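>>> Sharing a model prediction with you, sequence too.
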Amino acid sequence: MIYIQLFLEFLKVGLFTVGGGLASLPFLEDIAENTGWFTTKQLADMVAISESTPGPIGINMATYVGFTAAGIPGALLASIGFIIPSIIIVSIVSRFLKKFSENKYVKGAFYGLRAVSVALICSALVSVLKISVINIPLFKETGAIFDLISMPGIILGAVCWFVLKKKNPHPVVILGISAAAGIVFGFLGLI
Amino acid sequence: MKELFELFLAFARIGGLTFGGGYAMLPMLQREVVENKGWATEEELMDYYAVGQCVPGVIAVNTAVFVGSKVKGFAGAVAASLGVISPSIVIIVAIAAFIQSFSDLPVVQNAFAGIRVGVCVLILTSVIKLFKKAVIDKFTFALFAIVFGLSIFTDISPILFVLIAAVGGILVHILKGGDGK
C-alpha cells in the first residue's frame, strides 16, 4: 500500500532531518533509490521549484514528492507525516525550553549533528552535479576529459555563482537565468 | 475554537508569503505573532526560533508549534503547523500537476536541464554557509569528511550517520568539558 509506505517514510524523514528543509534532501534521495517513486532528476527539479515558491522548502519538497508518488492524497500524507515528529517533539520541548537549550547533551548532540547535516547535503549536491554538469558514464566510455564535464554547464554555473555573489538576488532569479540558458543551449544543440 | 482558527489563518499567511524557507520567515513572524496578535514577546520568538533549529524538522513548522502550543496547548500546535503547511500543499500540487502535463516538451526539458545547474549553485552557497557554522574544529571536520566520503561511495542510510553524529557529538562534547560552543 503506497499511501501507508509514503506516510511512514516521511515520518522518518521528519524525525531525522536536522537543520532546515534542505537537510531532508539526502533522505529523499534515499527514498528515490529504494522505492523508484521518482528519479534523482525529478528530485533536482523539485528542489528548484521548492526554492522558488512560497512556503518552507522542506514542506514544499515533501508535498512534491508525495504528489509525484501518489497524487493529491500522497501530497497530503507526505507533508503531514513529515510534520508529525516536529509537533510531538516541539510540544514536549516547549514545556522546558530554557533547560533544553542549555542542556549539555543537547548541545553535544547538535555539535555533531550540524557537521553531519552539512556532509549529507554535500553528498546530495554531488548527486545533482552528476545529472547536470558531470557525466561519469560517458567519461568511462570515451576517457576524454571534455566528456566528463559539460562545458555549457560549467559556464552557466559560473555565471550563476557570479550573479549570486555580486547581486545576491532571490533564488528564483538564478533559476530563471538557468532556465533561459537551458532553452538557448537546447536551440543551439549544445545539450 | 476561534483562537485555533486564528492560529491557523495567521500561520497560513506566514507560510504563503515567505519565500526561501525558515530564515526568510523571521520578519513575517515578528509582524504576525508579536505585533499583530501579541501571542509571544520578541524575546520568546527569538528563543523559539533558535531552539527550532536545534530539534528535528523544518524551522518554520517548529516555530509554529512553539507559538501554537503557548497559545492553545497541543490543539494550538496542530492548528498552527497545519496553517503553515497548507499554502505549500495547494501551490505545489498546482505547479506539479501543471509541470507533469508539459514535461514531455523539449523546451521544458531544456529549461530544466539549465535549472539543475542553477540548483547546484544554490545548494553550494547554502552548503558553504552551513559549513562555516558547523565545521568548527578537528572533530567536526573529521566527521564531515568521513560522512561525506561514505555517503558518496556507499549506500549506508543517512539515518545511521545522524544517529552516530548525535552520540559522537555528545561524547566528544562531554570529554571536552561540556561548556559548549
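Good, I have the coordinates. Residues are numbered from 1 along each chain as shown, chains lettered A, B, ... in the order given.
>>> Run the chain-centre distance for the lowest-mean-pLDDT helix or strand in chain A.
Sorting the helices and strands of chain A by mean pLDDT, DSSP states H and E puts helix A:145-148 at the bottom, at a mean of 76. Here helix A:145-148 is found 26 Å from its chain centre; the criterion is Cα atoms, centre = their mean, to the nearest Å.
>>> Report whether it contacts chain B.
No. Applying Cβ under 8 Å from any Cβ of the partner chain, one finds helix A:145-148 out of contact with chain B, separated by at least 15.5 Å. For every residue, glycine as well, the C-beta is placed using N, CA and C.
>>> Contacts for the helix or strand following that helix next, please.
The helix or strand immediately downstream of helix A:145-148 is helix A:151-167, counting by DSSP states H and E. Applying Cβ atoms under 8 Å, 6 or more residues apart in numbering or on different chains, the contact partners of helix A:151-167 are A:132-133, A:169, A:173-174, A:177-178, A:181-182, A:185, A:190-191, B:114, B:117-118, B:120-122, B:124-125.
>>> Tell me the helix or strand right after helix A:151-167.
That would be, after helix A:151-167 and using DSSP H and E, helix A:171-188.
>>> centroid residue for chain B?
Centroid check for chain B by Cα atoms, centre = their mean gives B:V58 as the closest residue, at 3.1 Å.
>>> again with chain A
Centre-most residue of chain A, counting by Cα atoms, centre = their mean: A:L25, 3.5 Å.
>>> How about stretch A:70-82, which residues are buried there?
Burial within stretch A:70-82, assessed by neighbour count using 16 or more other Cβ atoms under 10 Å in any protein chain shown, is assigned to A:70, A:74-82.
>>> got a list of contacts for it?
In contact with stretch A:70-82 (Cβ under 8 Å, 6+ apart) are residues A:2-3, A:6-11, A:13-14, A:24, A:37, A:58-59, A:62-69, B:57-58, B:85, B:88-89, B:92-93, B:96.
>>> For it, what does the pLDDT average out to?
Stretch A:70-82 comes out with an average pLDDT of 97.
>>> how distant is it from the center of its chain?
Distance, centroid of stretch A:70-82 to centroid of chain: 17 Å (Cα atoms, centre = their mean).
>>> what does stretch B:127-135 give?
On Cα atoms, centre = their mean, the centre of stretch B:127-135 falls 15 Å from that of its chain.
>>> Export only the CA atoms of that stretch, formatted as CSV.
Listed next in CSV are the C-alpha coordinates belonging to stretch B:127-135 (Å, rounded to 0.1, in the frame of the first residue of the first chain):
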residue,chain,number,x,y,z
VAL,B,127,26.5,24.4,2.0
ILE,B,128,29.2,27.0,2.3
LYS,B,129,27.2,29.0,4.8
LEU,B,130,26.3,25.9,6.9
PHE,B,131,29.8,24.6,6.7
LYS,B,132,31.2,27.7,8.3
LYS,B,133,28.8,27.4,11.2
ALA,B,134,29.0,23.6,11.7
VAL,B,135,32.7,22.6,11.0
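>>> So is it next to chain A?
Yes. Among the residues of stretch B:127-135, B:127, B:130-131, B:133-135 lie within reach of chain A under Cβ under 8 Å from any Cβ.
>>> Show me which of those are buried.
Neighbour counting by 16+ other Cβ under 10 Å classes B:127, B:130-131, B:134-135 among the residues of stretch B:127-135 next to chain A as buried.
>>> did I read that right, the residue nearest to the centre of chain A in a helix?
Yes. Counting by DSSP: H, G, I helix; E, B strand; the rest coil, one finds A:L25 located in a helix.
>>> show me what contacts it?
Contacts of A:L25 (Cβ under 8 Å, 6+ apart): A:43, A:47, A:61, A:120-121, A:124, B:123.
>>> Can you pull out the low-pLDDT segments for chain A?
For chain A, the stretches with pLDDT under 70 are A:191.
>>> Outline the domain layout of it.
Domain assignment of chain A by automatic domain parsing yields the ranges A:2-131, A:137-191.
>>> Deepest in the core, which of those domains is it.
Neighbour counts (mean count of other Cβ atoms under 10 Å in any protein chain shown) averaged over each of the domains of chain A peak at domain A:2-131, with a mean of 22.
>>> Counting by contacts, list what the longest helix seen in chain B packs against.
The longest helix of chain B (DSSP state H) is helix B:59-102. Contacts defined by 3 or more Cβ pairs under 8 Å, 6 or more residues apart in numbering or on different chains; DSSP states H and E place helix B:59-102 against helix A:40-52, helix A:57-93, helix B:2-17, helix B:22-29, helix B:42-52.
>>> Now do it: distance to the chain's middle.
Taking mean C-alpha positions (Cα atoms, centre = their mean), helix B:59-102 and its chain are 12 Å apart.
>>> Just want the angle from it to helix A:57-93.
150 degrees (axes from the mean of the first three to the mean of the last three Cα atoms, to 10 degrees).
>>> how about the next helix or strand after helix B:59-102: buried residues?
The helix or strand immediately downstream of helix B:59-102 is helix B:106-134, counting by DSSP H and E. When burial is assessed from 16+ other Cβ under 10 Å, helix B:106-134 yields the following buried residues: B:108-127, B:130-131, B:134.
>>> Redo the buried residues of stretch A:70-82 as CSV? Include distance to B:I14.
Below are the buried residues of stretch A:70-82 laid out as CSV (distance: Cβ to Cβ, whole Å):
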residue, distance to B:I14
A:A70, 28
A:G74, 25
A:A75, 20
A:L76, 20
A:L77, 23
A:A78, 21
A:S79, 16
A:I80, 18
A:G81, 22
A:F82, 18
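>>> Make a markdown table from the domains of chain A and add distance to B:F102 to it.
Shown next, in a markdown table, are the domains of chain A (distance: least, Cβ to Cβ, whole Å):
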| stretch | distance to B:F102 |
| --- | --- |
| domain A:2-131 | 12 |
| domain A:137-191 | 13 |
